[in-house]
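*Asks:* give the three-dimensional model of this entry:
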Amino acid sequence: MPEQIAVIGSGAIACGLAAVATKTGDVILLARSEESAERARASIEKQIGKMGDEAGPGSVTVTTDPADLSAATAFVEAVAEDAAIKAEVFETVASVSSDEAIWATTTSSLSVGELARASGAPERFVGLHVFNPVPRMALIELAFPDEATEATRERAAALCADLGKTAVPVPDLPGFVVNRLLFPYLFSAVDFLEQTGMDPADVDEAMKLGAGHPMGPLALLDFVGLDVSAAIGDEIGSPAPARVQALIAEGALGRKTGRGFFDY
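*Replies:* Numbers count the residues shown, from 1 in each chain. Purely as a prediction, here's the structure:
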């Protein structure tokens, strides 16, 4: 039987995951405030509309009351990439979770083992690294703490299948596989830009046409967010180049602020 999913968070990953999770049935999403709840409702409705026939039969309820999550069998944390903020979520989950529910984090760079131990339920904990935009990206990197039981591992794999995703087991290393290999490449494109003085659009066009990439490296940094990219780089031991740091200092974080390497 599919898990009854509760998503905690109201950002792009949380809303995308909630929309996709309608494939498993009804979903509940916990937002921090009424303002963020309203934004989440609009985002989820828009994403489900874009999914068309691929959307599931379930519906998404957005709430600000943790008590509404008590029936969930799988809690998925999708908040900011900050261990302290995630620890607050785990406290909330602990107050409403049954002893059988599994807990998941969508972290892209933090240690799943450390987050699991901070949760107080490492035997029922899993890392589900989904990718943005969630409805379109097929991969979930699946990472476990050492304490995770076999039942937790099996349920997590089944959950990924129910979401229509391909789960790839990965080691619990900073950045897992994709980000650990991807961000040094993205940052090398910034260094190359500085060395050559090329136009960012020309660098991206070369990589799209020559390497078959759907998005150039500089546009991808803008899409991820330059602040988020720098944080991931720090976690994997690949610091962001000076130009990225300068743009962050200017408040030019990419698409979400309307300016990064490109204007939006």
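*Asks:* tell me which helix or strand of this structure sits lowest on mean pLDDT?
*Replies:* Lowest mean confidence among the helices and strands of the chain (mean pLDDT, DSSP states H and E): helix 226-236, at a mean of 93.
*Asks:* quick one: contacts of the next helix or strand after it?
*Replies:* Of the helices and strands lying after helix 226-236 in sequence (DSSP states H and E), the nearest is helix 242-249. By CB atoms under 8 Å, 6 or more residues apart in numbering, the residues outside helix 242-249 that reach it are 187, 190, 193-194, 221, 226-227, 229-230, 240, 253, 260-261. Yep, even glycine has a C-beta here, placed from its N, CA and C like the rest.
*Asks:* which among those end up buried?
*Replies:* For those, a neighbour count by 16 or more other CB atoms under 10 Å gives the buried set as 187, 190, 193, 221, 226-227, 229-230, 240, 253, 260-261.
*Asks:* the nearest residue to Ala74 once chain neighbours are set aside and Glu154: what is the separation?
*Replies:* Spatial nearest neighbour of Ala74, excluding adjacent residues (CB to CB, 6 or more residues apart in numbering): Glu3 at 3.8 Å. Distance of Glu3 to Glu154, computed by CB to CB, to the nearest Å: 12 Å.
*Asks:* more neighbours, those two?
*Replies:* Glu3 (22 against 10; other CB atoms under 10 Å).
*Asks:* am I right that that one is in a helix?
*Replies:* No. Under DSSP: H, G, I helix; E, B strand; the rest coil, Glu3 falls outside any helix and is assigned coil.
*Asks:* start the count at 494, not 1, going forward
*Replies:* Renumbered: residue one is now 494, and that last one reads Glu496.
*Asks:* contacts only, for it.
*Replies:* Contact partners of Glu496, counting by CB under 8 Å, 6+ apart, are 517, 565-567, 595, 648, 651-652, 655.
*Asks:* just Ala580 next, same as before
*Replies:* Ala580 touches 611-612, counting by CB under 8 Å, 6+ apart.
*Asks:* cutoff 6 Å now
*Replies:* Applying CB atoms under 6 Å, 6 or more residues apart in numbering, one finds that Ala580 lies in contact with Ala611.
*Asks:* this protein: helices as residue ranges?
*Replies:* 505-514, 527-544, 576-589, 605-612, 643-655, 671-689, 693-704, 710-717, 719-729, 735-742 (DSSP state H).
*Asks:* mean neighbour count, those helices: which tops it?
*Replies:* Each of the helices of the chain was scored by mean neighbour count; the highest is helix 505-514, a mean of 26, by mean count of other CB atoms under 10 Å.
*Asks:* just the CA atoms of that helix, as PDB, please.
*Replies:* These are the backbone C-alpha positions of helix 505-514, laid out as PDB (Å, rounded to 0.1, in the frame of the first residue of the first chain):
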ATOM      1  CA  ALA A 505      10.100  24.800  -5.100                       C
ATOM      2  CA  ILE A 506      11.200  21.300  -4.000                       C
ATOM      3  CA  ALA A 507       8.500  20.900  -1.400                       C
ATOM      4  CA  CYS A 508       5.700  22.100  -3.800                       C
ATOM      5  CA  GLY A 509       7.000  20.000  -6.700                       C
ATOM      6  CA  LEU A 510       7.300  17.000  -4.500                       C
ATOM      7  CA  ALA A 511       3.700  17.500  -3.200                       C
ATOM      8  CA  ALA A 512       2.400  17.800  -6.800                       C
ATOM      9  CA  VAL A 513       4.200  14.600  -7.900                       C
ATOM     10  CA  ALA A 514       3.100  12.700  -4.700                       C
END
